[in-house]
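Student: quick check, what structure comes out for this input:
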Amino acid sequence: MKILILGGTVFLGRFLTKSALKRGHKVTHFTRGKSNPNLFPEVENLIGDRVKSDLNSLKGKTWDAVIDTCGYFPRVVKESAELLKDSVEHYTFISSISVYENLDKPNADELTPVAKIKDKETEEITAQSYGPLKALCEEMAEKIMPKKTLNIRPGLIVGPFDPSDRFTYWVHRIAQGGKVLTPDALDKNVQFIDVRDLADWNIKMVEEKVTGIFNATGPDYSLKFGKVLETCKEVTKSNAELVLASEKFLEENEVAPYIELPLWIPGQGGWDRVDCSKAISNGLTFRPISETVKDTFEWNNQLKRQNPLRAGLTPKREKELLEKL
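Tutor: Residues are numbered from 1 along each chain as shown. Alright, predicted model coming up:
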């Protein structure tokens, strides 16, 4: 197959490309040419900027399928989909479980209502606008390419080359050892998906021309936060001591959920209990957590970081909180 990837050199795009090439497909990238431009010399590279409506390099070409990894605004998705509707047979839009209006309750499935936004024209991404805008992007893609669109709603995507550092924080911090400030939520359910599992499944769905909406996070069993941390200790051979902090303490000290302490959200809502049975029944599989931790650890070590991670507590902030405890 000839597959066009809108954004193919950063994180998910990188692994979609690897998976597609491994399975014998011909890949074209459409990017701004700024991030890892020479990563895949065997791939055709088309340069443009979707946000600025610069799509000229896509004109006059055809592909079997397109995977849109970087659509955040309905206008941008509309322009891309309209240009490509007669040039491709299948359109994958990478969305998010953030589209749901209410994740206070567990087991949200693909029929759960999505969030709305008053200003549908806004192109400012905030915690409040991100999900509703993604929902509008889904709607736009399906409207322009009816019955040819696959909307994938991942949760937290993790693994090597993750630019967010949200999962990497725990691997990195526990590997350092010593006293590690940890939410007292070891029995809390968590969900995430290894970027490589998501990419492999996405390519498989493209090959089979599957359409519709699919939640895509994991694993396919109840994974506890404590198990993730223990796996980090085992894989990195760390002597880390988990120092548990209550939700009351964390809230009183204004610790930002999911930002300063990734994977932690107060309460027992549905963010980490999304129903992914539809995707699993359509072939989504998950590698062992230990493999994700190991590969993330090795990749992170290769970076030899000089700057703080993009997520998680800074050493100074953690020290202050540990002293208060």
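
Student: thought Ile289 was touching Gly218, still the case?
Tutor: No: in this structure, Gly218 is not within contact of Ile289 by Cβ atoms under 8 Å, at 9.5 Å. All C-beta atoms are positioned from the backbone trio N, CA, C, and that covers glycine.

Student: settle it for me: which of these two has more neighbours?
Tutor: Gly218 (24 against 20; other Cβ atoms under 10 Å).

Student: quick check: beta-bridge partners of that one?
Tutor: In this entry, Gly218 is beta-bridged to Phe192, by DSSP bridges.

Student: the helix or strand Leu16 falls within packs against which elements?
Tutor: Taking DSSP states H and E as the definition, Leu16 sits inside helix 12-22. Using 3 or more Cβ pairs under 8 Å, 6 or more residues apart in numbering; DSSP states H and E, the elements in contact with helix 12-22 are strand 2-6, strand 26-31, helix 195-207.

Student: could you check the angle it makes with helix 195-207?
Tutor: 60 degrees (axes from the mean of the first three to the mean of the last three Cα atoms, to 10 degrees).

Student: how about the CA coordinates for helix 12-22, as CSV?
Tutor: Extracted in CSV, the C-alpha atoms of helix 12-22 (Å, rounded to 0.1, in the frame of the first residue of the first chain):
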residue,chain,number,x,y,z
LEU,A,12,3.7,8.1,17.0
GLY,A,13,4.5,9.2,13.4
ARG,A,14,8.0,7.7,13.8
PHE,A,15,6.6,4.3,14.8
LEU,A,16,3.8,4.3,12.3
THR,A,17,6.5,4.8,9.6
LYS,A,18,8.6,2.0,11.0
SER,A,19,5.7,-0.4,11.2
ALA,A,20,4.5,0.5,7.7
LEU,A,21,7.9,0.1,6.2
LYS,A,22,8.5,-3.2,8.0
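
Student: give the buried residues for that helix.
Tutor: If you call a residue buried by 16 or more other Cβ atoms under 10 Å, then helix 12-22 has these buried ones: Leu12, Gly13, Arg14, Phe15, Leu16, Thr17, Lys18, Ser19, Ala20, Leu21.

Student: out of those residues, flag the one nearest to Thr62.
Tutor: Nearest to Thr62 out of these is Ala20 (Cβ to Cβ; 16.7 Å).

Student: isn't the closest one right next to Val27, touching?
Tutor: Yes: using Cβ under 8 Å, Ala20 is in contact with Val27, at 5.1 Å.

Student: shared neighbours of the two, which are they?
Tutor: Shared contacts of Ala20 and Val27, defined by Cβ atoms under 8 Å, 6 or more residues apart in numbering, are found at Ile3, Ile5.

Student: out of the buried residues of helix 12-22, which is nearest to Asp64?
Tutor: Ala20 (10.9 Å).

Student: and the gap between the closest one and Ser222?
Tutor: 32 Å (Cβ to Cβ, to the nearest Å).

Student: list the contacts of the most centrally placed residue in the chain.
Tutor: Nearest to the geometric centre of the chain sits Ile157, at 3.3 Å (Cα atoms, centre = their mean). Contacts for Ile157 (Cβ under 8 Å, 6+ apart) come out as Phe11, Leu12, Phe192, Ile193, Asp194, Val195, Leu198.

Student: okay, the residues you listed in a markdown table with distance to Val99 and pLDDT next?
Tutor: Shown next, in a markdown table, are the contacts of Ile157 (distance: Cβ to Cβ, whole Å; pLDDT from 0 to 100):
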| residue | distance to Val99 | pLDDT |
| --- | --- | --- |
| Phe11 | 20 | 97 |
| Leu12 | 17 | 98 |
| Phe192 | 17 | 98 |
| Ile193 | 16 | 98 |
| Asp194 | 21 | 98 |
| Val195 | 20 | 98 |
| Leu198 | 16 | 98 |
